[in-house]
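J.: Fold the stuff below for me.
(chains A, B, C and D)
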2 protein chains.
Amino acid sequence: MNKTVTTDMKRASQLLKLLGDQTRLTMMKLLQSHDCCVCEFVEIFKMSQPAISQHLRKLRDIDLVKETRRGKWIFYSINEEHKDYPFIQGILEHLPEQDELVTELEAQGLRICCE
Amino acid sequence: MNKTVTTDMKRASQLLKLLGDQTRLTMMKLLQSHDCCVCEFVEIFKMSQPAISQHLRKLRDIDLVKETRRGKWIFYSINEEHKDYPFIQGILEHLPEQDELVTELEAQGLRICCE
DNA sequence: CCATCATATAATTATATTCTTATGTGTGCA
DNA sequence: TGCACACATAAGAATATAATTATATGATGG
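T.: Numbers count the residues shown, from 1 in each chain, chains lettered A, B, ... in the order given. From the prediction side, this is the model:
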């Protein structure tokens, strides 16, 4: 048996389907280096707040991300304890950094900071 | 810049969407160890021939697989020259072997052999 | 304790996906 | 040369997905 096996085919295809959306995939890549709150994502993706919320919900429903309230905002972060996180991580490693998106936010003064 | 970057976000999400289907994902995993023809997939997945054909078409449309005619059959195989093959390979490595499916076929005498 | 801000949920619509059935195409063999 | 087999394509229906608009929730700060 292959030691790198971490998941069965059904779970794997469900995970890949979730990542098979440019918005969610970029969210996950971004979250690897920066926790973000919903309103930041709204700015970054130029998408309505409910649309963002719904993408985050899908990621949360299978525990890929967790949420933490900080002041008025709810910050999302990667759940590194997820059983399939090594699998996800392997995928994200192949993708270009998306830090630029956060840098732009900061330049516009839209980055949320909770002391 | 990250040396492991192989693809941009749009292409990556398209690839992941294609793999985000259990049938296609299993096809890809299977093809890593065995070339297969359409009628074998029909048996393996207990799915109609047009349904199989359509899945294979999607994989072929982005050049993930290639086809070769051998006698009456058209065999599909992985296109290892694909620009994103290392990315795909990284994903498939995490999945359990699917050889059993082919073994079963052989046991039923349904495996196609061309001399 | 009330108003506001950030976020979530619901309902709806538009579009994409995946299957089925029907039919077309092309190769090999009688 | 024509029939049968393997496969592809087309058309249509059922379902899933992802957006929008409208509304609800819930914490915070005044």
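J.: Relative to DNA strand D, how far out is A:Arg57?
T.: As judged by CB to the nearest atom of the strand, to the nearest Å, A:Arg57 and DNA strand D stand 10 Å apart. Yep, even glycine has a C-beta here, placed from its N, CA and C like the rest.
J.: Whether the helix or strand that contains that residue contacts DNA strand C - can you check?
T.: Per DSSP states H and E: A:Arg57 is located in helix A:49-61. Yes. Helix A:49-61 reaches DNA strand C (CB under 7 Å from any atom of the strand) through A:49-50, A:52-54, A:56-57.
J.: Now that helix: buried residues?
T.: For helix A:49-61, burial by neighbour count (16 or more other CB atoms under 10 Å in any protein chain shown) applies to A:52, A:55-56, A:59.
J.: Which of those residues sits closest to DNA strand C?
T.: Nearest to DNA strand C, judged by CB to the nearest atom of the strand, of the buried residues of helix A:49-61 is A:Leu56 at 5.4 Å.
J.: Pull the residues that contact stretch A:84-91.
T.: A:6-7, A:11-12, A:15, A:19, A:28, A:32, A:64, A:78-79, A:82, B:16, B:87, B:90-91, B:94 (CB atoms under 8 Å, 6 or more residues apart in numbering or on different chains).
J.: Strands - which of those land there?
T.: Among these, the members found in strands (DSSP state E) are A:Ile78.
J.: Per-residue pLDDT of A:Asp35, please?
T.: Per-residue confidence (pLDDT) for A:Asp35: 95.
J.: is stretch A:29-46 anywhere near DNA strand C?
T.: Yes. For stretch A:29-46 and DNA strand C, the contact criterion (CB under 7 Å from any atom of the strand) is met by A:37-39, A:42.
J.: Please report how far the residue positioned nearest the centre of chain A lies from DNA strand C.
T.: Relative to the mean C-alpha position of chain A, the nearest C-alpha, by CA atoms, centre = their mean, is the one of A:Met28, at 2.7 Å. Shown here: A:Met28 relative to DNA strand C, a distance of 16 Å by CB to the nearest atom of the strand.
J.: quick one: contacts of stretch A:66-75?
T.: Applying CB under 8 Å, 6+ apart, the contact partners of stretch A:66-75 are A:35-39, A:56, A:60, A:76-79, A:112, A:114.
J.: on that earlier part again, buried ones among the residues of stretch A:29-46 next to DNA strand C?
T.: The neighbour-count test (16+ other CB under 10 Å) marks A:37-38, A:42 as buried among these.
J.: Kindly indicate which of those residues lies nearest DNA strand D.
T.: For those, the minimum distance to DNA strand D (CB to the nearest atom of the strand) is 9.7 Å, reached by A:Val42.
J.: quick one, what contacts the closest one?
T.: A:Val42 makes contact with A:48-49, A:52, according to CB under 8 Å, 6+ apart.
J.: what about 7 Å?
T.: By CB atoms under 7 Å, 6 or more residues apart in numbering or on different chains, the contact list for A:Val42 reads A:49, A:52.
J.: so what's the nearest residue to A:Leu59 once chain neighbours are set aside bridging to?
T.: Of all residues not flanking A:Leu59 in the chain, A:Val65 sits nearest, at 4.6 Å (CB to CB, 6 or more residues apart in numbering or on different chains). Beta bridges link A:Val65 to A:Ile78 when assigned by DSSP bridges.
J.: quick one, what contacts A:Val65?
T.: The contact partners of A:Val65, taken as CB under 7 Å, 6+ apart, are A:31, A:56, A:59, A:76-79.
J.: Give me every residue in chain A lying close to chain B.
T.: Remark: the part of chain A in contact with chain B comprises A:2, A:4-10, A:12-13, A:16-17, A:19-22, A:25-26, A:87, A:90-91, A:93-97, using CB under 7 Å from any CB of the partner chain.
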